[in-house]
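Asker: quick one, what's the 3D model for this:
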Amino acid sequence: MPLAVNLQTLLGLCCIGGVSLAWPALRPAAYRRWRTPVQAALRLFLLSLPMNYQTDVFDAITPRAFATGPLGWVWNWVHLLNGTHVLLLIVPALSWPLPMRWHLPVQAAMLAMLSCFSVGPRCNSKLLSGPQMASLAGSVHRVYALGAAAFVPVASALEPLDDRAQVVSLLLSWWAIVGCLLPTLLLLLPGDGRVQAGTRGAGGEPRAPTSDAASPAPRRAALAAAAATWVQAADVLEARLRGLLPAPPCQGAGEEADLPPSPRAVLLARWLLVLLCTWLIACFLAPLYPPPTA
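Answerer: Numbering: from 1, shown residues only. Take a look at the predicted model:
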């Protein structure tokens, strides 16, 4: 990498370490007060480091081709996680958990950053531009096309035909499902106390109800109304996302073994719908990323 990129990356990592480690140790009260916006900013800042958008970095941490042998699939998964940098969406979300009304826009912003600035560098890497990745993407698209044909026959017409577009659409859906949806659902699992969506303020304290007396200025009142609207929308989104999680087991005696099959069928149908919709959107967006010019 160029020296300027290395220096910028090193400086950025030092800033992240100072904020996430030194601030809580030196000023714990102030950090607790501003913890939520600080963690949101750290997640966005980590993804904005220059090293995350350099093809040379991807080629350095991944091989030219997939591994073979009995444990080849394990190394291939590791290489895909590194080569696509999906861990940059998963690990910060679980390491710096946020309330859902913060987590959802931050995760959406990170997905937008990768979609706008990282598709080209990643798809130009040796691993993702190789024939083995094209074959894998083609196999995945054929499975998706069969599933889409069972529900909406004309939807399979959106399937990209060239190898690069198939890799691009697979990468976009991989970021959306594994990088964004998976950590969100992990934070919503029953018993996970790290995220109390809709019940905590920006610094972890209970959110005080808004009133006209607390915000007399018209601009502040408008901001308070917009914030209240977003909190309600985030609560609705959270409820919809919880519908993708399995229902907790019954606590009554003799009821745990007699679960009706309908909730499981509904859960499967919801997941099929999410996967197919994500794939169709990724296929629709894939032609917007033209191949690099010679």
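
Asker: what's near enough to touch the closest residue to residue 283 other than its chain neighbours?
Answerer: Spatial nearest neighbour of residue 283, chain neighbours left out: residue 158 (4.3 Å); criterion: C-beta to C-beta, 6 or more residues apart in numbering. For glycine as for every other residue, the C-beta is placed from the backbone atoms N, C-alpha and C. Each residue near residue 158 by C-beta atoms under 8 Å, 6 or more residues apart in numbering is listed here: 280, 283-284.

Asker: among those residues, the buried ones, what's the ChimeraX command?
Answerer: Buried members of the contacts of residue 158, defined by 16 or more other C-beta atoms under 10 Å, are picked up in ChimeraX with:
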select :280,283
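
Asker: show me the contacts for residue 24.
Answerer: Residue 24 neighbours (C-beta under 8 Å, 6+ apart): residue 31.

Asker: adding pLDDT and distance to residue 29, write the contacts of residue 158 out as JSON lines.
Answerer: Output for the contacts of residue 158, formatted as JSON lines (pLDDT from 0 to 100; distance: C-beta to C-beta, whole Å):
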{"residue": "280", "pLDDT": "90", "distance to residue 29": "49"}
{"residue": "283", "pLDDT": "91", "distance to residue 29": "50"}
{"residue": "284", "pLDDT": "90", "distance to residue 29": "49"}
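
Asker: can you add secondary structure and distance to residue 175 and give the contacts of residue 158 back as JSON lines?
Answerer: Output for the contacts of residue 158, formatted as JSON lines (DSSP: H, G, I helix; E, B strand; the rest coil; distance: C-beta to C-beta, whole Å):
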{"residue": "280", "secondary structure": "helix", "distance to residue 175": "15"}
{"residue": "283", "secondary structure": "helix", "distance to residue 175": "14"}
{"residue": "284", "secondary structure": "helix", "distance to residue 175": "15"}
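
Asker: quick one: low-confidence parts of the stretch 101-250 of the chain?
Answerer: 191-216, 249-250 (pLDDT under 70).

Asker: swap in 90 and give it another go.
Answerer: 121-134, 136, 138-139, 141-163, 189-235, 239, 243, 245-250 (pLDDT under 90).

Asker: hmm, who's touching the strand or helix carrying residue 9?
Answerer: Secondary structure from DSSP states H and E places residue 9 in helix 3-17. With contact meaning C-beta under 8 Å, 6+ apart, helix 3-17 is reached by 1, 42, 45-46, 48-51, 54.

Asker: name the pair among those with the greatest separation in space.
Answerer: 1 and 42 (22.5 Å; C-beta to C-beta).

Asker: comparing those two, which residue is more hemmed in?
Answerer: Set residue 1 next to residue 42 and count neighbours by other C-beta atoms under 10 Å: residue 42 wins out with 18 against 14.

Asker: got the CA coordinates for the strand or helix carrying that one in CSV?
Answerer: Following DSSP H and E, the helix or strand that holds residue 42 is helix 35-47. Below are the C-alpha coordinates for helix 35-47, written out as CSV (Å, rounded to 0.1, in the frame of the first residue of the first chain):
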residue,chain,number,x,y,z
ARG,A,35,-21.2,5.7,25.2
THR,A,36,-23.9,5.1,22.6
PRO,A,37,-23.0,7.9,20.1
VAL,A,38,-19.3,7.2,20.6
GLN,A,39,-19.7,3.5,19.8
ALA,A,40,-21.8,4.4,16.7
ALA,A,41,-19.1,6.7,15.5
LEU,A,42,-16.4,4.1,16.2
ARG,A,43,-18.2,1.6,14.0
LEU,A,44,-18.5,4.0,11.1
PHE,A,45,-15.0,5.3,11.5
LEU,A,46,-13.5,1.8,11.5
LEU,A,47,-15.2,1.0,8.2
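
Asker: which residue is the nearest non-sequential neighbour of residue 167?
Answerer: Leaving aside its sequence neighbours, residue 167 sits nearest to residue 137 (C-beta to C-beta, 6+ apart; 4.8 Å).
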